[in-house]
Each structure stands twice: as structure tokens, then as C-alpha cells.
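In: structure of the sequence below:
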Amino acid sequence: MSQYVLVRTIRMDNVDIGLFEHDRNNTLYFYLMNADEQIYMRYGGRDSAAADTYLNLDSLAVALGQGLELHEKYKKSELAKAPRPKPSFPREYSLLVERTFAKNQCVECHLIGDYVNLHREKDKTLDKMTHLYRSPDIKTIGIYLDVPKGLVVKEAKAAVAEAGMKAGDRITSVNGTPVWTFADLQHYYDKTDRRLAKTVQFAVDRAGKSETLTVTLPVRWWYYDVRYRQSSVDPRLYFESRPLTEAEKKDRGLPVDGFACEVTRLDSFGLMMKSHELKVGDIVFGVNGVERDPYAHTAELYMKLNLTPGDIVKLDVLRDGKRIQNTLTSYRLSFRK
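Out: Below is the predicted model of the structure:
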């Protein structure tokens, strides 16, 4: 670390967020770069389980060493320059300006992430599968890293195991883009198209030999628990659910390709606000008459993807074998700093 110039950014007021683009819901995020503003790699990243799942001093030391090696290559013109992304600054987002600059408050990373999405919602360019469900969990496709060793695979399961990934492999690229750290891997994996992509390619170093693996993406590979994000564009429904199996749907006379789900938990705030009258054990099988969706496996996910916070909907519910209707009012998170 003594070979680096260390800069801590404590406010983002005038930072080029086009160059320094990342998932703003990370607890910390480092860029390893040179004086020409060429970014060698990123360090950071998280999952829904914890802020530091992929962070420790050993993996940071690995990244710092790799950064020095890349810098030497850059000085010898052995590393191609990357084109600079289009500049972008917080002042370009009027809602963010109103929330921060206009009140003489500083701009922080999580504010940028939230207010950029609010602008997308306003401009009707918000794609919740991409913009809300950012940084998909790599464990969904079976990648378990030996975290202190960086991108060395500790265990390969499910889709990646079927593609040939093995314990001991070191991941070196995602869809042709070189990666050096978990933050790199998460950043470029996140760019995979949610609707069109059927596969993703990983290159791995296996005992000094490069192997390219084509991994078939499972259904809803991008889906995970996003509640930690505290996002203003995520409609608050105040209940949790589990998807019904095909057998359970057949038993209840529901379409097997529908998004019927069983309510497993009710949120106390929702009960206080009387946002709905659902009960634990209720089966929600329709939203405003819709029972199927190509992307959602539960009515809860269907609403998160399709509702704007504040929308009121009619739910079709099975309770004790009887079909009833229930009104649900979604809420927008009151954003707290």
C-alpha cells in the first residue's frame, strides 16, 4: 500500500460518476488506477447476506499486488488504454440537486444510486430487473469463492459445475472482459442482459492453462433479496411469500405456470398502516386479474417488478379453500439518510 497514493472520497459533489460508475449500495468501494485516470481494477462488492462477505485484508493485498503489476505493464505500453466513459456529474440530476446542493448538504454514494433511479422512474426508463436487482448473487449460478485468494474458486456447484468449472480455478474474465477482483466480477456480470441473455462466458486459469466455459443461466438468475438496498423505487408491500410448487398449484386448481405464492410473514408496519388484510397462509394467485408472468415466480415479485410505489391493486386470494379479493396499497420508502 505504501506504493500507492491513497485518496479517500468523503463526498461525491463534483466527482465524475460516469468514470467512477458502480453499484452505489456497496459499503465501501476502491478504485485502483493511475494518474491518467485509467482504472486497473475495482475492490469492494457485497451480497444480500452481509456487507463484507467478499472483503478481507488478504484479498485486498492480492488486489494491490495485481494493481502494481498492471501499472508496470501500463508504463511499458504493454497495457491498452481503455476509452474514457462519457462524463456525468451529480448536478445533472435535478431531484438529487433538490435533495442535496439546494440544502447545502453533501452528495453521498447511496443518494446517487437512489436518485438516479428516481429520475429513471420519472423518465419511464426504469428497468427494475436491471436497476433494482443490481449485482446478482454469483452463488445463484454456483460460484463460491475462496475469498482471501481473490477470484480463486473454492467450490463450483449447479450451472457453473455443469459448464466445467472446478475448485481451484481462478476466474480471469466475464464475457471477454478481464477481471481481477470480486468487484470486477460483480461489476461486469451485472451487465448481463436480464431478458435476452441465456448464457454467460467465464474464462478461468486452471494450473496455468486458460479455459473458456459457457454457463447456461438458470431462470431468474438475477433475482435475490434486495431489501437491504432501501430503494425508493421498490414498492413496499409489507408481506413475504414463498412460491407454490406445481403440485400445490394443481391441488388448488391454479394454473401450474402461474405465480401463486403463500404468505409466510406479515410486516408490522403494514399491519399498522392497514396496507392490506392478508393473513399468513393465504395464497395470492392474481394481481388485478393477472395470474402469469414470464419473469415472476410469485405475486410478490410480480408487484415489485410492475408496480410504482403508491399503486393500489386488487389481489386474488385463496383463504381456507375459498376465493376472495383483497386490496393492497403499496408504499414508497420515506428515504432517510
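In: in the chain, what helix or strand scores lowest on average pLDDT?
Out: helix 268-273 (a mean of 92; mean pLDDT, DSSP states H and E).
In: doesn't Thr212 belong to a strand?
Out: Yes: membership of Thr212 in a strand is supported by DSSP: H, G, I helix; E, B strand; the rest coil.
In: gap between it and Ser135?
Out: As judged by CB to CB, to the nearest Å, Thr212 and Ser135 stand 24 Å apart. Glycine gets a C-beta too; all of them are placed from N, C-alpha and C.
In: how about the helices in the stretch 101-250 of the chain?
Out: Along the stretch 101-250 of the chain, the segments classed as helices by DSSP state H, counting those that start in this stretch run 109-123, 128-131, 158-163, 182-189, 246-251.
In: point out the most buried one among those.
Out: Among the helices of the stretch 101-250 of the chain, judged by mean count of other CB atoms under 10 Å, the one packed with the most neighbours on average is helix 182-189 (a mean of 24).
In: now that one - C-alpha only, CSV.
Out: C-alpha atoms of helix 182-189 as CSV (Å, rounded to 0.1, in the frame of the first residue of the first chain):
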residue,chain,number,x,y,z
PHE,A,182,-14.7,-9.9,-6.9
ALA,A,183,-15.7,-6.2,-7.5
ASP,A,184,-14.6,-6.6,-11.2
LEU,A,185,-16.5,-9.9,-11.5
GLN,A,186,-19.7,-8.4,-9.9
HIS,A,187,-19.5,-5.2,-12.0
TYR,A,188,-19.2,-6.9,-15.4
TYR,A,189,-21.5,-9.9,-14.5
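In: tell me what that helix is packed against?
Out: Judged by 3 or more CB pairs under 8 Å, 6 or more residues apart in numbering; DSSP states H and E, the packing partners of helix 182-189 are strand 39-44, strand 170-174.
In: give me the more crowded residue out of Thr212 and Ser135.
Out: Between Thr212 and Ser135, counting by other CB atoms under 10 Å, Ser135 is the more crowded of the two (22 against 13).
In: got the phi/psi numbers for that one?
Out: phi 50, psi 60 (degrees, to the nearest 10).
In: next one: Leu315
Out: Phi and psi for Leu315, reported as degrees, to the nearest 10, are phi -100, psi 140.
In: same check on the one 4 residues further on?
Out: Backbone geometry at Arg319, expressed as degrees, to the nearest 10, gives phi -130, psi 120.
In: quick one: the least confident helix or strand of the chain to chain centroid distance?
Out: 27 Å (CA atoms, centre = their mean, to the nearest Å).
In: what's the following helix or strand after it?
Out: The element immediately downstream of helix 268-273 (helix or strand, assigned by DSSP states H and E) is strand 283-287.
In: would you mind confirming that Asn288 makes contact with Lys314?
Out: Yes: contact status for Asn288 versus Lys314: in contact at 5.6 Å, counting by CB atoms under 8 Å.
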